[in-house]
Structures are given as structure tokens and as C-alpha cells.
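[1] I'd like to go over a predicted model; first the sequence, then the structure.
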Amino acid sequence: MVAESVGKQKDVDSLLQKIADNREIIESFIDKIIWLEKSGNFESILGAAAMIKIIQDTLSDEVIAKNAELLTNIGLILSKFSNENSLKLFNAVGDAICRCSGEPEKIGFFGLVKALRDPEVQKTLGMLIKIAKETGKSV
């Protein structure tokens, strides 16, 4: 019992010595924690640390392999859409969407027939039919 008490006292003395030797560092650390708390950043740091822990816990080798495969597939798909024709088509569609304002008007059969006489509509339908034919070859 006495030997155990002496051992604990040595541990306490050793700890007190470390505190004394590093007093300036400990005071600086405490000042930073107080500043973080007063500035409202302490909770944000704890939240970020919790998020990092969650991410670390979910990143298994299997998840990383699946994500790598997914990124590879996305890269392959994107490479198909980076040729000049694809970029031209996407740019045209994006511009057309930006120019559309308000609700589209409802049209019936005769409105559709009338729209088919418009050269711009004809050009667009021609492109859609061409895409449909090429898609049909691959399906």
C-alpha cells in the first residue's frame, strides 16, 4: 500500500514537473482555446473534426474502389461529349434554354404542323433524327 502510494506520488510529481517545464506553451494553448470559444469557432472546429472522423470511418478500400470505378466511368462518358459536335450541340441547347422566358404556349396538331415549316425547327429535328439513327445503331 505504501509502495503504491509512493508510485502515485512520483507520477504526480513527474506530471507537475512537465507542467512547470511547459508553462508558457500550456498558457498559450489555454488562451487559444478561450479565444476559439469566445469567437464561436470552437464548435465549428469540433464539427469539422467530427466530419473528418465520419469520412475516415466510411472510406473503406471497397468504397474507394467503387468511387474510383465510378470516376473512371464518368471520365469515359465525358470523353464522348468533348468532341466538337457534342460541345456545339450542348452550347446551342444551353443558349436556347437561356433565351426561353415565361411559360411555353400550348400548341395542338395544327400548331405542330405550322412549326414544322420553320427552318430552325427543321434543322433541330434533323439533328434529333440523326442522333436517333446513330443511337439505334448502337442499341
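    Yes, it's here.

[2] With residue 20 as the reference, measure out to residue 27.
    12 Å (C-beta to C-beta, to the nearest Å). For the C-beta atoms, the positions are set from N, CA and C on the backbone; glycine is no exception.

[3] Following the chain onward from the helix or strand containing residue 16, which element is next?
    Residue 16 is part of helix 2-21, with elements assigned from DSSP states H and E. Note on helix 2-21: by DSSP H and E, the next helix or strand toward the C-terminus is helix 23-39.

[4] Next, the angle from the helix or strand following that next one to helix 23-39.
    Downstream of helix 23-39, the next assigned helix or strand under DSSP H and E is helix 41-58. Counting by axes from the mean of the first three to the mean of the last three C-alpha atoms, to 10 degrees, helix 41-58 lies at 100 degrees to helix 23-39.

[5] how distant is helix 41-58 from the center of its chain?
    In terms of C-alpha atoms, centre = their mean, to the nearest Å, the centre of helix 41-58 is set 16 Å apart from its chain centre.

[6] Also stretch 97-104?
    29 Å.

[7] same deal with stretch 114-133?
    37 Å.

[8] who's in contact with it?
    Stretch 114-133 is contacted from outside by 89, 107, using C-beta atoms under 8 Å, 6 or more residues apart in numbering.

[9] So residue 52 versus residue 40, what's the distance?
    Residue 52 is 20 Å from residue 40, by C-beta to C-beta.

[10] Ok, residue 69 next?
    For residue 69 relative to residue 40 (C-beta to C-beta), the value is 41 Å.

[11] cool, and residue 54?
    Applying C-beta to C-beta to residue 54 and residue 40 gives a distance of 22 Å.

[12] Ok, residue 83 next?
    Taking C-beta to C-beta, one finds residue 83 at 51 Å from residue 40.
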